[in-house]
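1. generate a structure from the sequence data that follows.
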Amino acid sequence: MVLPLRLIPRVAAAARFACAARRPISRRAPLLPPALAMAAAYSTGSGADRRLLFRQLFEKESCTYTYLLADVADPEKPAVLIDPVDRTVDRDINLIKELGLNLVYAMNTHVHADHVTGTGLIKTKLPGVKSVISRVSGAKADHFVDHGDKIHFGNLFLEVRATPGHTAGCVTYITGDAEGQPSPRMAFTGDALIIRACGRTDFQIFTLPRDTLLYPSHDYKGFTVTTVEEEVAYNARLTKDKETFKAIMDNLGLPYPKMIDVAVPANLVCGIQDPPPKI
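-> Residues are numbered from 1 along each chain as shown. Here you go, the predicted structure:
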C-alpha cells in the first residue's frame, strides 16, 4: 500500500507571487503566501510555551538563505543566525534590533564557496556574538562543534549532525527532539541537501522523521522548504542507487564557481579579512 505524501506548501520569490493571477479570496480570513504563513506559525512557536521566533531571509546574488531563530519566551530573547551573508549583514542586524533580540551565535553550516560569510562582519558590529562552525571544517571560529553537540539559546537548542560530502566539514543544524521544542522538527541542511537536489550527500538527514522540515542554504528555483518525506520520494539524485548517484555528480558539468577564490579564503577565517592599507 502506498501512503499519501504530506506535501509542504512552497512559494516562489515574492515578486513572482505578486505577479500571480488573482483568485477569489474569502473575506472570512486573510490569505497569506504559504511560506509567509509558515513563518507566521513559527513566529509564536509551537506548543503552549510559544517560544520560537523563526525568519527565513534571502540574499539574491548567491541565492542564499539565512535563518534567524530566537527564544522569545526567554527574557533575554537569545537568537542564532545560520549562514549569514556579508552583503546582507546590515539588513539582518536591523531586523534583530527591530525584533528586540539578543544575537548569541552566528553559525555556518560549512565553508561556503559561493559567497563570503557575514559572520566576521557581524562580530565587528555586535562584539558579543560568537562564531560557530564545525571542527572538521578547518576554519577559524570562536566555537567549534562536533556531531551530536547541542547549541543552546534560551530553552531551545539545535542539535549538530555531521553531513559530510559537499565538504568534509558540512553539518546540519536540527531543532531539538524534546518537550517544549518546535514540532515538527526543522533541519537547516546547508548544501548537503538542496530541494530536489544536493551538494553531495545527505544520507544521515534521511534518518530524521518524515515530517521534518528541511531548509537548505540555497535555492535557484524559488522553493523555500521541503520535507524528508518529499525528498525521499522526489529528489532526482538521492532516489538513485549509489553508482547512478556518482555518475550524476561526476557529470554535472557545472562552471568554476565565480566567487570561490574570494569566498573560501575569507570563510576559512569566518569572513574577517585584513583591512585595506591606509593611503
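2. beta partners for the nearest residue to V85 once chain neighbours are set aside?
-> Counting by CB to CB, 6 or more residues apart in numbering, E59 is the residue found nearest to V85 once chain neighbours are left out, at 4.3 Å. For glycine as for every other residue, the C-beta is placed from the backbone atoms N, C-alpha and C. Following DSSP bridges, E59 is listed with bridge partners T64.
3. show me the contacts for E59.
-> E59 sits next to 65-66, 85, 87-88, 115 when contact means CB atoms under 8 Å, 6 or more residues apart in numbering.
4. run the last query once more with 6 Å
-> Contacts for E59 (CB atoms under 6 Å, 6 or more residues apart in numbering) come out as 85, 87-88.
5. closest to V160 among those residues?
-> Closest to V160 out of the contacts of E59 is V85 (21.3 Å), distances taken as CB to CB.
6. where do the helices of the stretch 101-250 of the chain begin and end?
-> Listed in chain order, the helices found in the stretch 101-250 of the chain under DSSP state H, counting those that start in this stretch are 119-125, 228-234, 242-250.
7. got the CA coordinates for the longest one in CSV?
-> Backbone C-alpha positions of helix 242-250 (Å, rounded to 0.1, in the frame of the first residue of the first chain) are rendered in CSV as follows:
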residue,chain,number,x,y,z
LYS,A,242,25.0,4.6,-5.4
GLU,A,243,26.6,4.1,-8.8
THR,A,244,23.9,6.2,-10.6
PHE,A,245,24.3,8.9,-8.0
LYS,A,246,28.1,9.0,-8.5
ALA,A,247,27.6,9.2,-12.3
ILE,A,248,25.2,12.1,-12.0
MET,A,249,27.5,14.0,-9.7
ASP,A,250,30.6,13.3,-11.9
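8. give me the mean pLDDT for that helix.
-> The average of the pLDDT scores along helix 242-250 is 82.
9. buried residues, that helix. List them.
-> Judged by neighbour count using 16 or more other CB atoms under 10 Å, the buried positions of helix 242-250 are F245.
10. for the residue most central in space within the chain, which non-adjacent residue is spatially closest?
-> Residue closest to the average C-alpha location in the chain (CA atoms, centre = their mean): F188, at 4.2 Å. Spatially, and ignoring its direct neighbours in sequence, F188 is nearest to Y173 (4.5 Å; CB to CB, 6+ apart).
11. any weak-confidence spans in the stretch 101-250 of the chain?
-> Low-confidence segments of the stretch 101-250 of the chain, defined by pLDDT under 70, are located at 113, 200-205.
12. let's see it at 50
-> Low-confidence segments of the stretch 101-250 of the chain, defined by pLDDT under 50, are located at 200-203.
13. that older thread, identify the bridge partners of the residue nearest to F188.
-> When Y173 is checked against DSSP bridges, its beta-bridge partners turn out to be V160, F188.
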